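# Sequence first, predicted model second:
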Amino acid sequence: MSLFSPRRHHAGDASVTLFLPKRGRPDSGSPRPSSLPPELSAQAARRLRLIALIYSAAFFLADIFPQLVTGHLLQMFRRPGDWVWTILSIVGGVVVAVLAGSPRLSSETKIHLGLFFQVAASYGIALSMYADVEPNLPEVVFHVLSPSWVGIWMLFYTIVVPAPPGRALLALIASASAPPLVIGLTMTRLGYWSPMMSPLMFFFMNVFPYIICVAMAYIGARIVFRLGTDVSRALDLGSYRLVERLGQGGMGEVWRATHQFLAREAAIKFIRPEAIAGSTHEAAQLVLKRFELEARTTAALTSAHTIDLYDFGVTEEGRFYYVMELLDGVDGEHLVRRFGALPAARVIHLLQQICQSLDEAHAKGLIHRDVKPANIYICRSGRVYDFVKVLDFGLVGHRVEPVADLKLTQPEQAIGTPAFMAPEMAMGGEVDGRADLYGLGCVAYWMLTGRSVFEGTSFFEVVSKHMHETPDPPSRHARERIPPELDALVLACLEKDPERRPASARELEKRLKAIPLEPWQDEQAEAWWQANLAGDRRPVESELQPV
């Protein structure tokens with residue numbers, strides 16, 4: 001049975017079928033009663049570090065800071081009973097905070113650590129208050145009869161750090177045992193049981209209040225767990241479940257997702273409804289058309305070097321989305337920013353793959369219009385390294401359409417990115433695939449030198465230089481040797497006149513192959529990845545470009 005139900009959506013003159021999750025399908029992604037949803041589990045692990053530091057800071061401010069201000073600190077340290085439990089509690093909180101921040105521990109392990117810390121911290125509070133009370137001090141009556149900070153800690157911890165209700169209840173019961181147990185042992189040591197306090201009075205003064213605290217905190221734990229489950233269900237998108245947000249931009253965001261039934265991860269790109277809620281009707285229609293165009297165009301391309309699209313549609317809340325493969329790597333912009341300019345052989349290897357993606361698009365009459373390093377993703381694909389994927393066909397246009405119909409951007413936005421924009425695009429003239437080759441020349445320049453072809457302090461200054469100034473050869477700014485043939489080919493891509501650039505992406509690929517330079521080998525690529533990115537457990541995040 002299909003997990004999706006079709007819904008017809010109209011945007012302008014286009015009519016597309018968008019797929020929405022059917023209501024009432026089995027909630028296969030819901031957490032088990034004994035576990036937290038993944039996103040809530042990760043949140044609990046992060047909050048544990050914060051609450052452990054708060055615990056240590058509170059102990060310092062309550063027990064040590066007043067003595068420090070009043071000048072009685074040395075007097076406090078004369079008797080171990082006055083400071084040992086305070087110091088142990090402060091150190092314990094710091095240790096838990098360090099462990100909670102360790103990437104080696106799983107979220108589930110950190111939740112168990114947190115529950116143990118909740119109980120240990122309760123005993124730390126009780127011991128510091130009641131364990132070393134001296135005989136014949138009237139203050140003991142105040143301490144025994146007054147409410148304890150343990151109750152406040154129990155409530156605070158349970159609300160701040162979520163945990164499965166069953167385990168939370170066990171930790172609460174163990175925490176609630178701290179004050180009556182420590183007080184009882186202290187009163188036994190001091191002989192205060194009779195006639196000062198009967199067992200029944202002890203129960204109502206030092207046990208019953210904590211039973212109430214356990215009940216209140218347990219209700220809070222169940223509410224937090226239920227809210228987390230509701231959020232978990234809300235994050236289900238058809239057969240996909242959202243796991244974590246990878247990035248966001250001016251109008252959209254990208255989430256990591258997992259398929260409910262297949263062992264496959266994906267990335268889901270959204271347009272946030274609030275991003276277009278204040279727009280005019282015409283502007284909103286342009287946003288929706290651009291979104292649909294990007295999804296349709298990407299799905300129509302089959303090159304191995306173009307990102308794969310799995311699905312697209314609109315949620316019941318009105319969020320437009322499409323599901324694409326999750327890439328394991330780094331985009332061209334962050335690759336150079338993080339590791340510096342690349343060797344010429346490696347740049348040629350990457351450019352050839354980009355040419356293959358663009359060649360297919362151009363053969364179908366499609367122009368990317370925003371070729372730039374941030375849209376070039378260098379990946380690990382199985383055991384293949386330095387495998388290129390071209391992203392973000394959101395500005396794509398068909399070469400036979402009027403330019404005015406191709407903008408599909410918000411009002412007052414330019415087409416493309418200034419630092420990688422062909423002169424004919426900047427002037428609003430007709431464009432073809434050679435405009436993408438100009439952008440690819442800019443990408444090559446960036447990879448070889450670590451700088452843009454032209455730099456400026458404003459959009460108009462950069463665009464003006466692209467239209468009128470002659471660029472320096474990349475070899476003038478590169479640290480490593482660049483073959484003269486590659487130098488000349490990059491400058492050919494950067495010609496102002498499209499007629500003087502390579503005629504097609506396929507021709508550019510052939511000319512790249514003809515450069516007399518030892519090719520970048522698979523072994524070199526693997527060695528580089530193992531040396532620089534082998535420890536990364538997730539794709540290197542990059543800034544999400546506005547959709």
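Structure received. Residues are numbered from 1 along each chain as shown.
# Please work out how many residues are found near the spatially closest residue to Trp446 that is not a sequence neighbour.
Spatial nearest neighbour of Trp446, chain neighbours left out: Pro373 (5.3 Å); criterion: Cβ to Cβ, 6 or more residues apart in numbering. C-beta here means a position set from N, CA and C on the backbone, and glycine is covered the same way. Using other Cβ atoms under 10 Å, Pro373 is surrounded by 26 other residues.
# didn't Pro373 look like it was pressed against Gly332?
Yes - contact criterion Cβ atoms under 8 Å: Pro373 and Gly332 qualify, at 3.4 Å.
# Between these two, which contacts overlap?
Contact criterion Cβ atoms under 8 Å, 6 or more residues apart in numbering; residues shared by Pro373 and Gly332: Val443, Trp446, Met447.
# in a helix, that's where the last one is, yeah?
What that stands for is Met447. Yes - counting by DSSP: H, G, I helix; E, B strand; the rest coil, Met447 is part of a helix.
# Hmm, it is touching Val336, no?
Yes - between Met447 and Val336 there is a contact at 6.0 Å, judged by Cβ under 8 Å.
# And this structure, split by domain according to the record?
As given by automatic domain parsing, the domain ranges for the chain are 38-234, 237-324, 329-532.
# Let's have those in TSV, adding mean pLDDT.
As requested, the domains of the chain are arranged in TSV below (pLDDT from 0 to 100):
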stretch	mean pLDDT
domain 38-234	81
domain 237-324	73
domain 329-532	87
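# coming back round to it: ok, of the shared contacts of Pro373 and Gly332, which one's closest to Glu495?
Taking Cβ to Cβ as the measure, Glu495 lies nearest Val443 of the shared contacts of Pro373 and Gly332, at 15.6 Å.
# Might you report the residue contacts of the closest one?
Contacts of Val443 by Cβ under 8 Å, 6+ apart are Gly332, Leu351, Ile354, Val371, Lys372, Pro373, Ile376, Phe420.
# Overlap in contacts, Met447 and Val336.
Overlap of the contact sets of Met447 and Val336 (by Cβ under 8 Å, 6+ apart) consists of Leu342, Pro373.
# which one of these two has more residues nearby?
Met447 (27 against 20).
# need the contact list for that one.
Counted by Cβ under 8 Å, 6+ apart, Met447 has contacts Gly332, Leu335, Val336, Ala341, Leu342, Val347, Leu350, Pro373.
# Give me the ChimeraX select line for the residues you listed, limited to the buried ones.
Selection of buried members from the contacts of Met447 for ChimeraX, criterion 16 or more other Cβ atoms under 10 Å:
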select :332,335,336,341,342,347,350,373
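# what's the closest of the contacts of Met447 to His305?
His305 lies nearest to Leu350 out of those, by Cβ to Cβ, at 9.9 Å.
# Look up the closest residue to Pro471, ignoring the ones flanking it.
Using Cβ to Cβ, 6+ apart, the closest residue to Pro471 is Val453 (4.8 Å).
# swap that for Ile51, sorry
Nearest residue to Ile51, sequence neighbours excluded (Cβ to Cβ, 6+ apart): Val160, at 5.2 Å.
# Distance check, the one you found against Val463.
Noted for Val160: a distance of 51 Å to Val463, by Cβ to Cβ, to the nearest Å.
# got it, and Arg226?
Counting by Cβ to Cβ, the gap from Arg226 to Val463 is 54 Å.
# which of those two has more neighbours?
It is Val463, of Arg226 and Val463, that has more neighbours when counted by other Cβ under 10 Å, with 21 against 11.
# Could you pull up the contacting residues of the residue nearest to that one when sequence neighbours are not counted?
Spatial nearest neighbour of Val463, excluding adjacent residues (Cβ to Cβ, 6+ apart): Ala426 at 4.6 Å. When contacts are counted by Cβ under 8 Å, 6+ apart, Ala426 touches Ala414, Pro418, Val463, His466, Met467.
# Tell me where the chain has strands.
For the chain, the strands defined by DSSP state E cover 4-11, 14-21, 236-237, 240-248, 252-259, 265-271, 309-314, 320-325, 329-331, 366-367, 376-381, 384-390, 397-398.
# Buried residues of stretch 64-78, list them for me.
Quick answer for stretch 64-78 (16+ other Cβ under 10 Å): Ile64, Gln67, Met76.
# Let's have those residues in CSV, adding distance to Glu495.
Listed next are these as CSV, based on distance: Cβ to Cβ, whole Å:
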residue, distance to Glu495
Ile64, 72
Gln67, 77
Met76, 79
